[in-house]
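S.K.: return a 3D structure for these sequence lines:
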Amino acid sequence: MCSKIASIVVEDYLHALSKRPATRAAELTASEREVLQLVSEGQTSKEIAARLHMSSKSVETHRRKIMDKLNLHSIAGLTKYAIQNGMTSL
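M.R.: A predicted model of the protein is given here:
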């Protein structure tokens, strides 16, 4: 493989890695990490809101932002991500 093609392949690979959920966890705020942990432990938005002293709407907003940042599309995906990354106490 010539150096120009190799360079393009490496750049594409590095770009793809930067979009992986594991590398994007650093983009989560402390509140988002806390909500993610509680969601992964099976708590409802209402339960999380009461525990964190915020509205259910705020919890849902945090959850939506987490899903966007990590490119996840379900609660199951969030739970799997939290378990794989040691973000849950279960």
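
S.K.: let me know the pLDDT of Ile8.
M.R.: pLDDT recorded at Ile8 is 71.

S.K.: right, I mislabeled it, should have said Thr79
M.R.: The per-residue pLDDT of Thr79 was computed as 91.

S.K.: average pLDDT for stretch 56-67?
M.R.: For stretch 56-67, mean pLDDT rounds to 96.

S.K.: contacts for that stretch?
M.R.: With contact meaning C-beta atoms under 8 Å, 6 or more residues apart in numbering, stretch 56-67 is reached by 28, 31-32, 35-36, 39, 45-46, 48-49, 52, 72-73, 77-78. The C-beta positions use only the backbone N, C-alpha and C, and glycine is treated the same way.

S.K.: in this structure, which residue is most central in space?
M.R.: Centroid-nearest residue in the chain: Leu70, 3.9 Å away (criterion: C-alpha atoms, centre = their mean).

S.K.: still on that earlier bit, may I ask which two of the contacts of stretch 56-67 are separated the most?
M.R.: Farthest pair in these (C-beta to C-beta) is Leu52 and His73. Separation: 23.6 Å.

S.K.: looking at those two, which is more packed in?
M.R.: Ranked by neighbour count (other C-beta atoms under 10 Å), Leu52 and His73 place Leu52 first, with 15 against 10.

S.K.: name the SS class of the closest residue to that one other than its chain neighbours, please.
M.R.: Among residues not flanking Leu52 along the chain, Glu34 sits closest, at 6.5 Å (C-beta to C-beta, 6 or more residues apart in numbering). Three-state call for Glu34 (DSSP: H, G, I helix; E, B strand; the rest coil): helix.
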